[in-house]
Every structure is written in structure tokens, then in C-alpha cells.
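J.: Just to be clear, the model below is a prediction. Sequence and coordinates:
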Amino acid sequence: MRFFIDFAFVRLTNILFGLFGTLFPLQSSCKTRMFKTFSMIATIYNKV
């Protein structure tokens, strides 16, 4: 169950990032910063 939740979470973020990439073509530096921030949130989420 836990794995399923994590998998769905990753899928959702990939979809969101894809939408952001198509709607707002950002600079790569901004994208990586967003991704790093998101990874941090994901790590915190996994610890809960």
C-alpha cells in the first residue's frame, strides 16, 4: 500500500512537471531549483 501511494505521488508530480514544462517553458536553472525543492518536500513526506 505504501509503495502504491509513493508510486502515485511520483506519477502525479511527473504529470505536473510535464504540464508546467509545456505551459510555462522555464529556464533549466529554474526547473532544477523547483525539482530540488520538490525532492526535499518528497523526502519530508516519506519520513512522515
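T.: Received, thanks.
J.: for the most centrally placed residue in the chain, phi and psi?
T.: Per Cα atoms, centre = their mean, the C-alpha nearest to the average position across the chain is that of residue 13, at 4.0 Å. Phi and psi for residue 13, reported as degrees, to the nearest 10, are phi -70, psi -40.
J.: Would you check that it makes contact with residue 35?
T.: No. Look at residue 13 against residue 35 with Cβ atoms under 8 Å: they stay out of range, at 9.2 Å. Using the backbone N, CA and C atoms, a C-beta is placed for each residue, glycine as well.
J.: one step back: got a list of what the residue nearest to the centre of the chain touches?
T.: Shown in contact with residue 13 (Cβ atoms under 8 Å, 6 or more residues apart in numbering): 38, 42.
J.: go with 10 Å
T.: Contacts for residue 13 (Cβ atoms under 10 Å, 6 or more residues apart in numbering) come out as 35, 38-39, 41-42.
J.: other SSEs contacting the helix or strand containing residue 36?
T.: Element membership of residue 36, judged by DSSP states H and E, is helix 28-47. Applying 3 or more Cβ pairs under 10 Å, 6 or more residues apart in numbering; DSSP states H and E, one finds that helix 28-47 contacts helix 2-23.
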